[in-house]
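**Q** fold the stuff below for me.
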Amino acid sequence: MSEFNSTIQQADWKVEKHAPVIEAPDSVKAGEFFTVTAGLGKAIAHPNTLQHHIRWISLYFLPEGAKMTIQLAHAEFSAHADSATDQPGPALTNPSMIANLTLAKSGVLQAVSYCNIHGVWQSSKAIQVEA
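**A** Sure, this is the predicted structure:
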């Protein structure tokens, strides 16, 4: 039996349109809020059609020395030009999310996204927390 983690794909977002991009400072001050964005399409656009789209992105944090991740945020994208006709519908959602957070210790931010055709993709970014 195959484990779920064996199906999660990784790649550099600069060359792979399915890999999420995490934008956050390299270091932050403990207890101070900062902004993190996670999305797709920064270097290479991902299709956003009824047939091929990103359904969701989740943002996690793995503190240094920890075994378990903490889910920070989750965004679902519901409008993919859905229509009752053969023509594209009037609404699209862009696969991008923003989270404002504080951290008490250093660790790794992880973004996981789901493409309805190409499965689950992950990216990560280390973040240093200063006292």
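
**Q** contacting residues for the most centrally placed residue in the chain?
**A** Centroid-nearest residue in the chain: residue 111, 3.7 Å away (criterion: Cα atoms, centre = their mean). With contact set as Cβ atoms under 8 Å, 6 or more residues apart in numbering, residue 111 has these partners: 20, 21, 22, 38, 57, 58, 59, 60, 122, 123, 124. (Each C-beta comes from the backbone N, C-alpha and C, glycine too.)

**Q** restricted to strands, list those.
**A** Those of the contacts of residue 111 mapping onto strands are 21, 22, 38, 57, 58, 59, 60, 122, 123, 124, per DSSP state E.

**Q** how about the contacts made by residue 126?
**A** 26, 106, 107, 108, 109.

**Q** flag the shaky bits of this structure, pLDDT-wise.
**A** Residue ranges of the chain with pLDDT under 70: 1-2, 4, 7-9, 12-16.

**Q** hmm, 90 instead?
**A** 1-19, 41-53, 77-94, 131 (pLDDT under 90).

**Q** tell me how far the residue lying farthest from the centre of the chain lies from residue 50.
**A** Within the chain, residue 85 marks the point farthest from the mean C-alpha position, 31.1 Å out by Cα atoms, centre = their mean. Counting by Cβ to Cβ, to the nearest Å, the gap from residue 85 to residue 50 is 11 Å.

**Q** please consider this matter closed, and thank you.
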